[in-house]
Structure formats: structure tokens, C-alpha cells
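Asks: My questions concern the predicted model and sequence given below.
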Amino acid sequence: MKIIIIGAGISGLSTYLHLRKHLPSHHTITIYESHQPSALPSLSTPSPPTPLTVDTLSSSTALVGGGLGISPNGMRILRDLDPALHDTVCAQGFPAEHFVFKGANGWTLGMQKTSDRNVRGEGEKEEVCISSSRHGLWERLRDTVGEGVVVYKKVMSIERDVGRDVVLVRLLDREGNEEVDEADLVIGADGVKSVVRIALFGDDEKFKPKYTGQSGVGGFLNDSIPDFVAKNKAMVFTFGGNGFFGYSSAAPVTSQCVMWWSTFETPTLQTSKNIDPVAIKAEMLERHKHWKDPILHDIVQKAEVQSIYPTWVLDELPHWGEKGIVLVGDAAHAMDPTTGQGASQALEDSKTLALLLAKTLAEVTEEHDAQKEGEAVSVSIKLFHQIRSPRISRIVDRGKKIAGSKANVGVVAEYMMYIFLWLMMKYPSIGKFLSAPDDAEFGG
Ligand SMILES: Cc1cc2nc3c(=O)[nH]c(=O)nc-3n(C[C@H](O)[C@H](O)[C@H](O)COP(=O)(O)OP(=O)(O)OC[C@H]3O[C@@H](n4cnc5c(N)ncnc54)[C@H](O)[C@@H]3O)c2cc1C
């Protein structure tokens, strides 16, 4: 069988690795990726990279170079996939053993261990949240995939050739040449602005991502990690009446990498044309000037805005694929970064889909029985959605509750928010959304 994965982001690369691990080698797998990554920033050079723009890099982000948390559930997937990959991801990141929640008024609202120890079986190794640059995680996955697998061509559209029972993939290369490839299975790992989703659902607005009016901004400082962060291995989230600010590290303590992120409310979508990191920094200084945390002030003073990531969310889709086309990761369920689960859910998707395909295809005894393989793929796609979508819905719902805490509110609402967050931390069973030890969901 011929498989094409579209997108070499977190979900595309990890789907490739899981398929290679679980499927017999006679199935061929190609990855098409639209953006040549040579210019991507690296944590070894945390100073601001030359801004990369939507036009040159990705249609889902404005400036690139942000950070993310890989929760214990995501780290377990990496460990099961490949212990060496797991260890290199840990080694380049920062083990955030605690989430610390603060109010802009200086209150500490709670501290939560990120460890999954209480849901591990006896003798099983515990995982904690690994704070990492997106690029750091992505680079480790790409190195494990190896050279020559990713083909740098942009996918323009997908369509089914019903008569021949294959999926046609229209491609454009860097020189502007068009060509068509075909596959028995196309996996859309092409992120929030997925063209594969358009192939499944058409141009209907209902199935398109929506901009939330908030953009994540962030960056990395080449500075010693604040004592509080280093001592508690902490990721700190501070909520205020006029916004949100988070900080931690994204590299081993010796690397002197302070990671920070915040939200920036802007009804106009920031693009490469109207983006102004200097104005965003000035706005940030103004917004946080009355906040009480001295660490936060120090970071805001030194910060340079290196990454702007507009928040797009997708309403629940009725299905994630059919007839040889399936969506994974953000293409299927772009969620608010507040969930802290974007990357981890992409990792969970890739393992689930690969295991289902391996199981159903194993029942096909003849090596090139296209009809039986097609049926196995259809069953896998259906089961994939049935298994994964309830979990995704729960995570999206929890994220919505927190996302509201990042918007501008009045003083009364601000203090209600502090008390609400404190209560949730102290008595998790009340809200059941900050205390999912299996997920350790929370993020910027
Ligand atoms: C450049 C970039 C920066 C990001 N920065 C952050 C961040 O700072 N913080 C955060 O929380 N999350 C960030 N994310 C999102 C985060 O990576 C995802 O939420 C999560 O990892 C799920 O990943 P995914 O693989 O499903 O989608 P993505 O990581 O979005 O990967 C999709 C991939 O598909 C490629 N692609 C898209 N369209 C096509 C096409 N037509 N043809 C071929 N290839 C295509 C994209 O170039 C990309 O490599 C970023 C994503 C990208 C692409």
C-alpha cells in the first residue's frame, strides 16, 4: 500500500515513525512538507532570529520560535515509540516538575506537580512535563525520521479518483512546477489550515478554523534562570484582570534559557505585513506595569518578541476522514494553547492511528489485495475517530474554561477569577479540569 503523509510537523513526523515501527516494510510512506526548514531558529542561538513570516514559513503562525509543554501523556508516547528519542527530547528541554499559578496581585493560587506517578503502574517510570521550544521537539523527531524521507513540495489540493480508488495529491515545487502523486491512504497532518480538511469537507465556513482574537507572543532570553524556577523546576502561570503571562525555561539549567509567553488581544490578525514586535513589547510593558511579581518585570524588561502565534480553533468535526483520507493533529482538532495539549494530542493521534492500521492490515493476508487493504483502512479511520474524539472533546472543553481567564476583565471579575483558580487548585474535584493527572493539561 502507498501512504502519503501531508505535513512534517509534530504529528506528521511522529505518524511516520509509528507507521514505520508497526507496519510491514512493503508499505511505502512519503511525507510532503511545504516549508524548507533551514532558516528555523534553534535554542542554541536564543537571540532573535531573522523574522520568518507567514509567507515563507507557515500559514498558521506569524513569527516562529515559540515554546510548548509536552505533558506526561505525550512523553509516554515518545518513550514507547523510541526510548532514545524520548531521552534526547528530555535532554534538550527543561523538566517542569511543577505548575505554579499566581495572580497579578501577587497571590500564589496553587502549585501542582506535573508528575504522572499516581497513574503509573508499579515499576513504571514516571514522566513530568517537558518544557521545550517547538523547534527542539520538532528537530529531534526529524533527526529520528532521517534524511530523504521528507519531500519539500506544497500540496495544493487533494481529490479522490473514484474509478481507480486512489487519492490524487496535487503538488507544487519550489520552482513552480506542478505534478500529481497518488496514494491508497493520505494522512492530513497539515495543521490548522489543512488542505486535506478541505478535501473532506469542502469550503463550508463551519469546518474552517476560527481566529479567537488572541495571539500568543513569546520568546527566549539568554539569561540565568530565575532561582524560583530552577529550584522548583517550575512553569509559572500568572493571571491578571488585563491578561496573562507565563515563564519557565526550555533548556537544561546550564543553558541559561528563560522562556516566556503571554497573550496579546488583537482583533486584527497579525501577519507578516502588519506585525510590529516593538509595539507589542511596548504594549506588554504597559499591560504588566502594575503586576506584582519582580521576576515577571525583569523578564518583560529584557524580552524581545520572537514568536507570535495567532490562536485558531476548530469546531468539532463530524468525522476525521473517510475513503482513504484521514486527519491527525491540529488538522483534525486545533485547540486553544491553554490546554497545553496540542503537541501531546498530536502524538497520541499518531500512535493510535498507526496501531489501528497495523491491526486491521495484519488481517489482510495477501500482500497486494487493494480491496481488502482499502476496507482495513476504512475501519481504522472510523475507529480512530471513535476512540480519540471523546478525549479531545473533554480537553477542548477544559481549555475553554481557562481561555476565558486570559481575556481582559474588570476588578470584581479579576478577584472572582483568582478565587475560582485557587478553589480549583485546592479542591480539584470541584472543577475536574485542572487535576487530570493522566493529562497534566495546562499551558500558555
Ligand atoms: C511553524 C509553527 C510554529 C508553531 N509554534 C507554536 C508555538 O509557539 N506554540 C504552540 O503551542 N504551538 C505552536 N505550533 C503548533 C503546534 O506545533 C501544534 O499545535 C502541535 O504540535 C500539533 O502539530 P501538527 O503537526 O498537527 O501541526 P503543525 O505543527 O502545524 O504542522 C503542520 C505541518 O504541515 C505543513 N503544511 C501545512 N500545509 C501544507 C501543505 N499544503 N503542503 C505541505 N505541507 C503543509 C506545515 O508547514 C507544518 O510543518 C506551531 C506550529 C507551526 C507549524
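Replies: Nice, I can see it. Because the structure is predicted, anything quoted here is derived from the model rather than measured.
Asks: partners of the residue lying closest to Thr238 once chain neighbours are set aside in the sheet?
Replies: Distance criterion Cβ to Cβ, 6 or more residues apart in numbering; nearest residue to Thr238, sequence neighbours excluded, is Lys102 at 4.4 Å. Backbone N, C-alpha and C define where each C-beta goes, glycine included. Assessed by DSSP bridges, Lys102 has beta-bridge partners Thr108, Thr238.
Asks: wait, what's in contact with Lys102?
Replies: 108-109, 236-239, 293 (Cβ atoms under 8 Å, 6 or more residues apart in numbering).
Asks: distance of it from Ile295?
Replies: Noted for Lys102: a distance of 10 Å to Ile295, by Cβ to Cβ, to the nearest Å.
Asks: and for the two, which residues touch both?
Replies: Overlap between the contact sets of Lys102 and Ile295, as judged by Cβ under 8 Å, 6+ apart, is given by Val236.
Asks: need the contact list for Lys323.
Replies: Lys323 sits next to 160, 378 when contact means Cβ under 8 Å, 6+ apart.
Asks: which of the residues in the strand or helix carrying Gly399 are buried?
Replies: Assessed by DSSP states H and E, Gly399 sits inside helix 370-403. The neighbour-count check on helix 370-403 (16 or more other Cβ atoms under 10 Å) flags 373-374, 376-385, 388-389, 391-392, 395-396, 398-399, 402-403 as buried.
Asks: Check the offset of stretch 190-201 from the chain's centre.
Replies: Distance of stretch 190-201 from the chain centroid (Cα atoms, centre = their mean, to the nearest Å) equals 16 Å.
Asks: can you give me the mean pLDDT across that stretch?
Replies: Average pLDDT, stretch 190-201: 96.
Asks: The residue in the stretch 101-250 of the chain that the ligand sits nearest to: neighbouring residues, count only.
Replies: Nearest to the ligand, among the residues of the stretch 101-250 of the chain, is Gly191, at 2.8 Å (Cβ to the nearest ligand atom). As a burial measure, Gly191 scores 27 neighbours (other Cβ atoms under 10 Å).
Asks: wait, what's in contact with Ser249?
Replies: Ser249 makes contacts with 94, 131, 225, 229-230, 255, 257-259, as judged by Cβ under 8 Å, 6+ apart.
Asks: now it, nearest residue through space, not along the chain?
Replies: Nearest in space to Ser249, with sequence neighbours left out and distances taken as Cβ to Cβ, 6+ apart, is Phe94 at 4.0 Å.
Asks: got a pLDDT number for the residue nearest to Thr238?
Replies: pLDDT, Lys102: 92.
Asks: Could you find the closest non-adjacent residue to the closest residue to the ligand within the stretch 251-400 of the chain?
Replies: Of all residues in the stretch 251-400 of the chain, Gly329 sits closest to the ligand, at 2.2 Å by Cβ to the nearest ligand atom. For Gly329, ignoring the flanking residues on the chain, the nearest one in space by Cβ to Cβ, 6+ apart is Ser11 at 2.9 Å.
Asks: How is the one you found assigned, secondary-structure-wise?
Replies: Three-state assignment for Ser11 (DSSP: H, G, I helix; E, B strand; the rest coil): helix.
Asks: Pull out the buried members of the contacts of Ser249.
Replies: Buried, going by 16+ other Cβ under 10 Å: 94, 131, 225, 229, 255, 257-259, out of the contacts of Ser249.
Asks: can you list those residues in CSV and add distance to the ligand, secondary structure and pLDDT?
Replies: Formatted as CSV, the buried ones among the contacts of Ser249 follow (distance: Cβ to the nearest ligand atom, whole Å; DSSP: H, G, I helix; E, B strand; the rest coil; pLDDT from 0 to 100):
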residue, distance to the ligand, secondary structure, pLDDT
Phe94, 15, strand, 96
Ser131, 11, strand, 95
Ile225, 19, coil, 95
Val229, 19, helix, 96
Ser255, 18, helix, 88
Cys257, 15, strand, 92
Val258, 15, strand, 95
Met259, 10, strand, 94
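Asks: Next, give me the two most distant ones among these.
Replies: Val229 and Ser255 (13.0 Å; Cβ to Cβ).
Asks: For ChimeraX, write the selection for the buried entries among the contacts of Lys102.
Replies: To isolate the buried members of these in ChimeraX, using 16+ other Cβ under 10 Å:
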select :109,236,237,238,239,293
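Asks: show me what contacts the closest residue in space to Ala104 that isn't next to it in sequence?
Replies: The shortest distance from Ala104 to any non-neighbouring residue, by Cβ to Cβ, 6+ apart, is to Gly240 (2.9 Å). The contact partners of Gly240, taken as Cβ under 8 Å, 6+ apart, are 103-105, 288, 291, 414.
Asks: Greatest separation within the residues you listed: which pair is it?
Replies: Greatest spatial distance in the contacts of Gly240: His288 and Glu414, 14.0 Å, computed using Cβ to Cβ.
Asks: More neighbours: which of these two?
Replies: More crowded of His288 and Glu414, by other Cβ under 10 Å: His288, with 23 against 18.
Asks: helix/strand/coil for the closest residue to that one other than its chain neighbours?
Replies: Of all residues not flanking His288 in the chain, Val300 sits nearest, at 5.3 Å (Cβ to Cβ, 6+ apart). Three-state call for Val300 (three-state DSSP): helix.
Asks: Now for Val300, how many residues are close by?
Replies: Neighbours around Val300, by other Cβ under 10 Å: 20.
Asks: is it true that it touches Leu285?
Replies: Yes - with contact defined as Cβ atoms under 8 Å, Val300 counts as touching Leu285 (6.0 Å).
Asks: SS state for Ile308?
Replies: Following three-state DSSP, the label given to Ile308 is strand.
Asks: And the pLDDT at it?
Replies: For Ile308, the pLDDT comes out at 81.
Asks: start at 56 instead
Replies: Sure, I'll start counting at 56 from here, so that last one is Ile363.
Asks: does Glu403 really touch Ile132, like I thought?
Replies: Yes - the pair formed by Glu403 and Ile132 meets the contact definition of Cβ under 8 Å, at 6.0 Å.
Asks: Let me see the ranges of the helices in this structure.
Replies: Secondary structure of the chain by DSSP state H: the helices cover 65-77, 127-136, 138-147, 189-200, 250-256, 282-287, 332-342, 349-357, 385-388, 397-417, 425-458, 466-481, 483-486.
Asks: tell me which strands and helices the first one is in contact with?
Replies: Using 3 or more Cβ pairs under 8 Å, 6 or more residues apart in numbering; DSSP states H and E, the elements in contact with helix 65-77 are strand 57-61, strand 83-88, helix 127-136, helix 189-200, helix 397-417.
Asks: Ok, which of the ones you listed comes nearest Val206?
Replies: Nearest to Val206 among the helices and strands packed on helix 65-77 is strand 83-88; the distance by Cβ to Cβ comes to 5.4 Å.
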